[in-house]
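# Here is my input, please return the structure:
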Amino acid sequence: MASPTRDTGWFKSSRSSPNGEACVEVRLTDTSIGVRDSKNVEGPALALPPTSWAGFLAITSR
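Below you'll find the predicted structure:
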């Protein structure tokens, strides 16, 4: 399998709370969207296909 050509690295979601209590980090690659808890960076991360991520964003922006 080829390495992704795009990888943003982890960054804090714009939807995270400013006080740091409920922070989510996101990572974009060519093949998946990663989501993890910024307070537990060594913990599990969810990897979603881009189409699922787009559907999630459509639902949350209503």
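# what pLDDT does the residue nearest the centre of the chain get?
The geometric centre of the chain, computed from its C-alpha atoms, lies nearest to residue 26 (C-alpha atoms, centre = their mean), at 2.4 Å. With respect to pLDDT, residue 26 scores 92.
# what are the phi and psi values for it?
For residue 26, the backbone dihedrals (degrees, to the nearest 10) come out as phi -130, psi 150.
# And the helices in the chain?
Counting by DSSP state H, the segments of the chain that form helices are 50-60.
# just to revisit the earlier point, if I look at the closest residue to the residue nearest to the centre of the chain other than its chain neighbours, how far off is residue 5?
Distance criterion C-beta to C-beta, 6 or more residues apart in numbering; nearest residue to residue 26, sequence neighbours excluded, is residue 13 at 5.2 Å. (Each C-beta comes from the backbone N, C-alpha and C, glycine too.) In this structure, residue 13 lies at 23 Å from residue 5, with C-beta to C-beta, to the nearest Å as the measure.
# neighbour-wise, which of these two wins?
Between residue 13 and residue 5, residue 13 has the larger neighbour count (other C-beta atoms under 10 Å), namely 13 against 8.
# Quick check: that one touching residue 25?
Yes: with contact defined as C-beta atoms under 8 Å, residue 13 reaches residue 25; the gap is 6.7 Å.
# gap between the two ends of stretch 12-25?
4 Å (C-alpha to C-alpha, to the nearest Å).
# tell me the contacts of residue 18?
Applying C-beta atoms under 8 Å, 6 or more residues apart in numbering to residue 18 gives no contacts.
# Do a quick rundown of the strands in the protein.
Along the chain, counting by DSSP state E, strands occupy 11-12, 24-28, 33-37, 45-48.
# wait, residue 12 sits on residue 38?
Yes: between residue 12 and residue 38 there is a contact at 6.1 Å, judged by C-beta under 8 Å.
# That'll do, ta.
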